[in-house]
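Participant: 3D, please:
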Amino acid sequence: MTDSAITAHGLRKAYGDKTVLDGVDLAVPQGTIFSLLGPNGAGKTTAVKILSTLVSPGPGSGPIRVAGHDLATDPQAVRAAIGVTGQFSAVDGLITGEENMLLMADLHHLSRREGRRVAAELLERFDLGEAARKPAATYSGGMKRRLDIAMTLVGDPRVIFLDEPTTGLDPRSRHTMWQIIRELVTGGVTVFLTTQYLEEADELADRIAVLHDGGIAAEGTAEELKRLVPGGHVRLRFTDPAVYRGAVSALDEAVRDDEALTLQVPGDGGQRALRSLLDRLDTAGVEADELTVHTPDLDDVFFALTGGAGVPDQPNRPNQSEESVR
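Facilitator: Below you'll find the model as predicted:
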C-alpha cells in the first residue's frame, strides 16, 4: 500500500513458550494517529520494538514496511526515517535539557550550528526554553516527556512510535501531551501510539486496533468499534412506586429493578428513539425523576472483545457516554 506509513503481515513473536504476537496484520495510513490498544502484557511494546528495528520479528512473520522501506532488507533506512519514544524516559538527568538536545543532534550528524538551531527551536516549541539550561533531573514528569519527544524530533522523522507516552502523568500533563501529539500529525508526521488508556485512544486516534491473545481482536475508528457492541439503553429512575408501576405497564420491554425503582429501556440514545420513549411516557401520564442515556464506549468494547481480562487503567473521570437529565 503506497499510502501506508506502516504495513505488517502476519507479525509473529514468541519468547520461549510464550507467544506474544501471533499473526498480526497492520496497515497505518500516512499522516494519521494509529493506536494499538491493550492491557499490560498484551504485546504492544513488542510490536513497537519490532517495527522500530529494536528486535527481530519471529519466524514465519510476513513482510514489514515502515516509511516506505523494507524492514528486513533495509533496516538502516527505516531507522533514519523514524523516531521512538518509549515508556520510560530516555532523558539524561545529569545534563541540561539543551545538552540532551545537542547530544541528539550529534547522533544525527548535524553540524554544530544546525544542531544548536534545531535544539533551540524545539525547546521553544515544547515550552522548555526557560528550563533549557537546568539539569533535566529537576524537570517534572510532564517536562521530561516533552523533552523526550523534542529529542525524538531532532532527526525530522516521518513516523514516530509513542509507546505509552502518558503513563504516570497527571491529568493536566496528559492533556498537554495530547495536544502535542495532535500537532505532530498536523505537521505531516504519522504517529503509532500504544496506550492502555481507553480515553486516550478515543480522544486521539484516527484508527484503533485492540490487541488480545496475540492477535487483533478488532480494528476501526472509535465509532466503528463502539457500534460492534450492543447494550445502549436509557435508564429511568422513579421515586414514587405508583408512578413506577405505571411506567412498567407502558414499557413492557424494559428491564425492571423493583427495589431501586428503575427501568432500563434498550435503545441507541438517538433523538428519534428518545422522542418515541418520552411520547409513550406522556401518553401513559408518567414522568421519570431521572433519565440517563448510556451508549457503548471503548470500555464496553474492551470488555466485549477481551472478556474483561486485564482491563486498561483509566484516569479518574466521569463516564462521557452517560448523560443524565433530571
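Participant: show me where pLDDT drops low in the protein?
Facilitator: 1-2, 231, 268-269, 307-326 (pLDDT under 70).
Participant: ok, now how distant is the spatially most central residue of it from Tyr244?
Facilitator: Nearest to the mean C-alpha position of the chain, by Cα atoms, centre = their mean, lies Ala201 at 2.4 Å. To Tyr244, Ala201 is 39 Å away according to Cβ to Cβ, to the nearest Å. Quick note: C-beta positions are derived from backbone N, CA and C, even for glycine.
Participant: do the same with Met104
Facilitator: On the measure of Cβ to Cβ, Met104 and Tyr244 end up 65 Å apart.
Participant: Could you point out the longest helix of this structure?
Facilitator: helix 171-186 (DSSP state H).
Participant: who touches Asp3 in this structure?
Facilitator: Neighbouring residues of Asp3 by Cβ atoms under 8 Å, 6 or more residues apart in numbering: Pro29, Gln30.
Participant: which element is the residue of the chain most remote from its centre on?
Facilitator: The centre of the chain is farthest from one residue, Ala242, which by Cα atoms, centre = their mean lies 46.5 Å away. Using DSSP states H and E, Ala242 sits in helix 241-250.
Participant: Which other helices and strands does that helix contact?
Facilitator: Using 3 or more Cβ pairs under 8 Å, 6 or more residues apart in numbering; DSSP states H and E as the contact test, the elements touching helix 241-250 are strand 262-266, helix 271-283.
Participant: winner for burial among these?
Facilitator: Scoring those by mean neighbour count under mean count of other Cβ atoms under 10 Å gives strand 262-266 as the most buried, with a mean of 18.
Participant: now that strand: how far from the chain's centre is it?
Facilitator: Between the centre of strand 262-266 and the centre of its chain there are 31 Å (Cα atoms, centre = their mean, to the nearest Å).
Participant: In contact with Phe126, which residues?
Facilitator: Arg146, Leu147, Ile149, Ala150, Ile180.
Participant: So the fourth one is in contact with Glu121, correct?
Facilitator: What that stands for is Ala150. No. Between Ala150 and Glu121 there is no contact, the gap being 9.4 Å when judged by Cβ atoms under 8 Å.
Participant: who has more neighbours, those two?
Facilitator: Ala150 (26 against 14; other Cβ atoms under 10 Å).
Participant: I'd assumed the more buried one was in a strand, is it?
Facilitator: No. Counting by DSSP: H, G, I helix; E, B strand; the rest coil, Ala150 is located in no strand; its state is helix.
Participant: Relative to Glu219, how far out is it?
Facilitator: In terms of Cβ to Cβ, Ala150 sits 31 Å off from Glu219.
Participant: Leu71 now?
Facilitator: Counting by Cβ to Cβ - Leu71 and Glu219 are separated by 21 Å.
Participant: And the helices in this structure, which stretches?
Facilitator: 44-51, 75-81, 97-107, 112-125, 141-152, 171-186, 198-204, 222-227, 241-250, 271-283, 298-306.
Participant: TSV for the ones you listed, including distance to Ala27?
Facilitator: Formatted as TSV, the helices of the chain follow (distance: least, Cβ to Cβ, whole Å):
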stretch	distance to Ala27
helix 44-51	12
helix 75-81	16
helix 97-107	30
helix 112-125	30
helix 141-152	23
helix 171-186	17
helix 198-204	17
helix 222-227	15
helix 241-250	49
helix 271-283	35
helix 298-306	19
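Participant: So for Arg158, which of those sits nearest?
Facilitator: helix 75-81 (5.0 Å; Cβ to Cβ).
Participant: Name the residues of the closest one that are buried.
Facilitator: Within helix 75-81, the residues that count as buried by 16 or more other Cβ atoms under 10 Å are Ala77, Val78, Arg79, Ala81.
Participant: go on, stretch 292-308?
Facilitator: Under 16+ other Cβ under 10 Å, the buried positions of stretch 292-308 are 292-302, 304-306.
Participant: go on, stretch 186-196?
Facilitator: Across stretch 186-196, burial judged by 16+ other Cβ under 10 Å covers Val189, Thr190, Val191, Phe192, Leu193, Thr194, Thr195, Gln196.
Participant: In strands only, show me the residues you listed.
Facilitator: Thr190, Val191, Phe192, Leu193, Thr194, Thr195 (DSSP state E).
Participant: now the residue lying closest to the first one once chain neighbours are set aside: how far from Ala131?
Facilitator: In space, Thr190 comes closest to Ala5 once its chain neighbours are excluded; the distance is 3.8 Å by Cβ to Cβ, 6 or more residues apart in numbering. From Ala5 over to Ala131 the distance is 32 Å, taken as Cβ to Cβ.
Participant: Please apply the same query to Leu26.
Facilitator: 37 Å.
Participant: Good, we can wrap up now.
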